Structures are given as C-alpha cells and as structure tokens.
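Enquirer: Give me a 3D structure for the following:
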Amino acid sequence: MVKPWLGDRWWRWLQAIAGLAIIAFVVRYLVRNWTAIRTEPVQWDINVGWLALYLLVVLATFALLAESWRRMLAGWGARLAFVEAARVWVLSSMGKYLPGKVWSLAGMAMLAERRGISPVTATASALLLQVVSLGTGALLVGATGVATLESHRPGAKVALVVIVLGSIAALVVALSPPFARRLRNALGRMRRTGAPRGAGEGEQGGMNDAEPAQRVTPSIGAVGFGVAANLVAWGAYGFALWCLAQGLLPAANLAFRDAIGGFAGSYIAGLLFLLAPGGLGVREGVLLWMLQDRIGPANALALAGVSRIGMTVADLLAALPFVLWLRRRNGE
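Expert: Predicted structure coming up:
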C-alpha cells in the first residue's frame, strides 16, 4: 500500500502546483495590467432576451449530455427513462463543486443504483463519456482557438494533440472486451471494498455487479452518439457564451469562433485540474488568456466572471426541479 499512496500523494501535489501556477499567472497578469484593465471601459448593456437564451441553450445542452449518458447505458444493455437519467446526471454533476471530481462519479453510481442500474455500468459509462468530452473538446479548441492559446502558452498545440490522440487511444482500449472486463471487475472490487454492508440495496432492489445479461462493451452506436453529442454540446456551450456576451457586453464584439474555442479550452483546463472545485480559478484564467487579445483584457476578465456565475445559475436551475421532487416524495 505504500507505493500507491506515494503515487497518489505526488499526483495531488503536481496538480496543486499546476493549479497554483495558473492562479499565480492570473494574479501576476492582473497586477501588471491593472492600470490598463481599470482604464479600459467595460460597457455593460443588459439585454434580458439574450440572457434568457443563454440559460435555455445551457439547459438544453445539459439535456443533450444526459441523453448521451442514457444512450451509453443502453449501449451496455441498461435501460433508464430519460427523466430518470436526467435526474441522476444533473444531481450527480453537482458533485463537481467539491474538490477531487470523484464525487460526481460516486453520486452517479449511488443514484443510478437506486434506479436499478448497476453502479459499475453507470461509472464506466460516465468515465467513457469523460474521455469523449476531452477528446472532442480538444479537437474544437484546435480548430477554433489554438492560435490564441499558443500565443500565450507555447506548446499548447502539442498538448491538444496529445489529448486528442490520448482520447482516441483510450476509446479504442476501452472498447476492447478484455480491457472492458478488467475495468468492470476493478470498479466492482473498488465498490465492494468501499461500500458498507447492505449498501447495494436501492429503491428498486439494486442489481448485481456481474450483470451477465449486459454487454461487455457498449455498442458502437452508443459511442458514436456520445461523440456527436459532445461535439454539438461544445458548440452549444460556445454559442451560449456568445449569447452571454451579447446580453451583457455587446460592445466587446466577441466572435462566435472565439467563444467556442475560449469556452472549450477553459473548461478542459478546469476538468484536468482535479483539485479545483468546478475548475474554479483555472477556467477563468484560461478564458482570460484566450479572449484578452480578442475583446480586451477588461472585457475578458468581466466575461470570465459572469460566465462562472451564469453556469452556476444554470446548474442550480437544472437541479431545482429534481431536488423539489425528492423533498416532496420524501415528505409523503
């Protein structure tokens, strides 16, 4: 147990150092350019229509990603209605606001099991879609925002290529039946080791981890839908950021292409830095890097801040109906 503990400790230290370096860069940038930021006018012009469209697009994107997870489950032979899948996906995603990123997966496994879905299948499908998300996001950043990112962080192009190729390789390996069996067995052992006695019983009786009736690997159609859904989702998130800029900072003249690249690049950075809850600080810093030359440092800083607020509001709006439903059901 010594070597794994040391490895995990050093990995956490490396992430902490990387995150602090990003935050330090942002602080240093703000200090050096504070005069320019302060003197550069930020022309706020609130348009409720654009802001409403922003929230609608983000919520629709959440629904698309929940559907992609539901179809990935179906590709493994596990069936779940859309409303139930959306409930599990939305509520478990709130775990991203806790340090470590594992809480979303843990919450998804627990909530899925209560609906009769194997937590092993739920976790494996979420991990596979995370790989798809990183690969498709890096691909879009390469197509829309790599030049801007490279100008501030030399080597960014290489990092994006590594992410794309690594994601493709991970997908190929994950679709290999021998590896898929080992992964499912490993997830099953981890769950049995960490779960208290009787924890496997859910609302509908739970399911056994072995699940002999299910596929070893998901169907190609389910994986293909996941890839297409994530490509659309990254574009939709970029469109939402563009709508947010139109609704608050129309004078900044944010281009749609820059919005896609900026959002995808910043979100990927937040995903990769596991210790930052919801990518806090990391996403804002990368978005500032990528947009400051396009719309000015003051506008980029303002947009990064309101984007964080907007995504948090969207998360809360998405979770609210399911939370109220749970409270009403528990009160019966």
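Enquirer: Could you list the low-pLDDT ranges of the protein?
Expert: The chain contains residues with pLDDT under 70 at 1-40, 99-101, 145-157, 174, 179-181, 183-216, 274-278, 326-332.
Enquirer: all helices of it, in order?
Expert: Secondary structure of the chain (DSSP state H): helices located at 2-32, 34-39, 48-75, 82-93, 102-114, 119-144, 146-152, 156-174, 177-194, 220-248, 256-272, 282-295, 297-331.
Enquirer: what angle do the fifth one and helix 82-93 make?
Expert: Which is helix 102-114. Using axes from the mean of the first three to the mean of the last three CA atoms, to 10 degrees, one finds that helix 102-114 and helix 82-93 are set 150 degrees apart in direction.
Enquirer: buried stuff in helix 102-114?
Expert: Judged by neighbour count (16 or more other CB atoms under 10 Å), helix 102-114 contains these buried residues: 103-114. Quick note: C-beta positions are derived from backbone N, CA and C, even for glycine.
Enquirer: Remind me what it packs against, helices and strands.
Expert: Here helix 102-114 is seen to pack against helix 82-93, helix 119-144 when contacts are counted using 3 or more CB pairs under 8 Å, 6 or more residues apart in numbering; DSSP states H and E.
Enquirer: The longest one: which residues count as buried?
Expert: Taking 16+ other CB under 10 Å as the basis for neighbour counts, the residues of helix 119-144 that come out buried are 119-126, 128-142, 144.
Enquirer: Can you list the buried residues in stretch 76-95?
Expert: Judged by neighbour count using 16+ other CB under 10 Å, the buried positions of stretch 76-95 are 76, 78, 80, 84-95.
Enquirer: Residues contacting it, please?
Expert: Under the contact criterion CB atoms under 8 Å, 6 or more residues apart in numbering, stretch 76-95 has outside partners 62-63, 65-67, 69-70, 73-74, 101-108, 111-112, 115, 117-118, 121-122, 124-125, 211, 213-215, 217-218, 222, 315, 318-319, 322-323, 325.
Enquirer: do stretch 48-63 as well
Expert: By CB under 8 Å, 6+ apart, the list of residues contacting stretch 48-63 reads 86, 89-90, 233, 236-237, 239-240, 243-244, 246-248, 310-311, 313-314, 317-318.
Enquirer: cutoff 6 Å now
Expert: Contacts made with stretch 48-63 from outside it, assessed by CB atoms under 6 Å, 6 or more residues apart in numbering, are listed as 233, 236, 239-240, 243-244, 246-247, 314, 318.
Enquirer: Among these, which pair sits farthest apart?
Expert: By the measure CB to CB, these have their two most distant members at Q246 and A318, which lie 22.2 Å apart.
Enquirer: who are the neighbours in contact with L134?
Expert: 163, 167.
Enquirer: rerun at 10 Å
Expert: Shown in contact with L134 (CB atoms under 10 Å, 6 or more residues apart in numbering): 163-164, 166-167, 170, 230, 267-268, 271-272.
Enquirer: Could you export the helices and strands packed on helix 102-114 to JSON lines, including columns for distance to A302?
Expert: Below are these laid out as JSON lines (distance: least, CB to CB, whole Å):
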{"stretch": "helix 82-93", "distance to A302": "26"}
{"stretch": "helix 119-144", "distance to A302": "21"}
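Enquirer: tally of neighbours for the residue lying closest to F239 once chain neighbours are set aside?
Expert: Leaving aside its sequence neighbours, F239 sits nearest to V57 (CB to CB, 6 or more residues apart in numbering; 5.9 Å). By other CB atoms under 10 Å, the residues close to V57 number 20.
Enquirer: just to revisit the earlier point, which one among the contacts of stretch 48-63 gets closest to A298?
Expert: Proximity to A298 was ranked across the contacts of stretch 48-63 by CB to CB; first place goes to L244, at 16.1 Å.
Enquirer: Contact partners for the closest one?
Expert: Going by CB under 10 Å, 6+ apart, L244 touches 50-51, 53-55, 57-58, 254, 259, 263, 303, 306-307, 309-311.
Enquirer: I figured S219 hits R71, correct?
Expert: Yes: at 9.0 Å, S219 counts as touching R71 under the criterion of CB atoms under 10 Å.
Enquirer: Contact partners for V323?
Expert: For V323, the contacting residues are 87, 90-91, 94, 316, by CB under 10 Å, 6+ apart.
Enquirer: do you know how far it is from L249?
Expert: Using CB to CB, to the nearest Å, we find V323 at a distance of 32 Å from L249.
Enquirer: Please apply the same query to Q130.
Expert: Taken as CB to CB, the span from Q130 to L249 is 31 Å.
Enquirer: so what's G247 up against?
Expert: The neighbours of G247, taking CB under 10 Å, 6+ apart as the test, are 45-55, 306, 310.
Enquirer: With adjacent residues omitted, what lies nearest to it?
Expert: Per CB to CB, 6+ apart, closest to G247 is W50, 3.1 Å.
Enquirer: V232 now?
Expert: Excluding its sequence neighbours, the residue lying closest to V232 (CB to CB, 6+ apart) is L64, at 6.5 Å.
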